[in-house]
Every structure is written in structure tokens, then in C-alpha cells.
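Participant: Predicted model follows, preceded by the sequence.
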Amino acid sequence: MTSVALTEAKDWYDALMSAEFKGRGDREKSARGRISDETGIPESYLYRLQYKTREMTDVAGSAYRALMLAYDKLCLKNEEAAAKHRAARKELRSTYAAGKKRARSRVGMGEASN
């Protein structure tokens, strides 16, 4: 039986692995090593967390806290990027709206005959 803390830690680790994995030429061991360097959790413990969760009953408090902080940092980075993108989009909209002028209602083919 797994604890809630173990499930949360595994979910955070999975999210960190997804974010850290760089694509086709990257290896899982390399991504795990980068996460290990960032969090300070031994690579062997991360491997165990990924593949041997059924054998574990709980997660070490230091690993839990390190994964939580790394995941929070990842989320904050994502939110900052979204805010930056939103601000750029808003700037473009205001620039476009300022440059766009409304056509006068009395201009056109019908007005020429008057």
C-alpha cells in the first residue's frame, strides 16, 4: 500500500521528467541525472521512485520536500512565461487597435450620388 506522500512525490517526479526530457537524442538516465543534480536526490532513489514504487511504502521527507520545491519552481517558471506571453499579446492588440481607424459611415458609393 502506498502513501499519499509517495503518490504525490511520484507525480511531481513524472512532471519534472517530462519537462526535463529534451527529445529524441536525450536519454532517460541523463534527464534523471540532471534532476538529481538540481534536487540533490540520489539518482538511484529517483530510479527507485520511478520503477519500484510498488515496493516502497513511503517516501523520504528530504526527497519529498526537494521534489515539491523543484515542481513548484517548474510551475512558477511556466506561469511567468504565460504572463509574459499574455503581456506581449495584449501589447500587440493595443498596437493593432490604435492603428486601425474606423471608416466613416457616410463614405461609399451611395454618398457619391448625394
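Facilitator: Nice, I can see it. Residues are numbered from 1 along each chain as shown.
Participant: helix or strand for the nearest residue to Tyr45 once chain neighbours are set aside, which one?
Facilitator: Residue nearest to Tyr45 in three dimensions, not counting chain neighbours: Ala63, with 6.0 Å by CB to CB, 6 or more residues apart in numbering. Glycine gets a C-beta too; all of them are placed from N, C-alpha and C. Under the criterion DSSP states H and E, the helix or strand holding Ala63 is helix 61-99.
Participant: Quick one: mean pLDDT over that helix.
Facilitator: For helix 61-99, mean pLDDT rounds to 89.
Participant: Return the residues in contact with the residue nearest to Tyr45.
Facilitator: The neighbours of Ala63, taking CB atoms under 8 Å, 6 or more residues apart in numbering as the test, are 9, 39, 41, 45, 49.
Participant: now, which of the residues you listed sits nearest Leu69?
Facilitator: Of all these, the one sitting nearest Leu69 is Thr39; the distance, using CB to CB, is 7.8 Å.
Participant: Just the buried positions in stretch 67-74, please.
Facilitator: For stretch 67-74, burial by neighbour count (16 or more other CB atoms under 10 Å) applies to 67, 70-71, 74.
Participant: ugh, wrong one, I meant stretch 57-65
Facilitator: Of the residues in stretch 57-65, those scored as buried under the neighbour-count criterion (16+ other CB under 10 Å) are 59, 63-64.
Participant: go on, stretch 31-42?
Facilitator: Residues of stretch 31-42 classed as buried by neighbour count (16+ other CB under 10 Å): 31-32, 34-36, 39, 41.
Participant: CA atoms only for that stretch - export them in PDB, please.
Facilitator: Output for stretch 31-42, consisting of C-alpha atoms alone and laid out as PDB, is shown next (Å, rounded to 0.1, in the frame of the first residue of the first chain):
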ATOM      1  CA  ALA A  31      17.400  13.500 -17.600                       C
ATOM      2  CA  ARG A  32      17.300  11.700 -14.300                       C
ATOM      3  CA  GLY A  33      20.900  12.800 -13.600                       C
ATOM      4  CA  ARG A  34      20.000  16.500 -14.300                       C
ATOM      5  CA  ILE A  35      17.000  16.200 -11.900                       C
ATOM      6  CA  SER A  36      19.300  14.600  -9.400                       C
ATOM      7  CA  ASP A  37      21.800  17.400  -9.700                       C
ATOM      8  CA  GLU A  38      19.100  20.000  -9.400                       C
ATOM      9  CA  THR A  39      17.300  18.500  -6.400                       C
ATOM     10  CA  GLY A  40      20.100  16.800  -4.600                       C
ATOM     11  CA  ILE A  41      18.300  13.500  -4.500                       C
ATOM     12  CA  PRO A  42      20.500  10.500  -5.400                       C
END
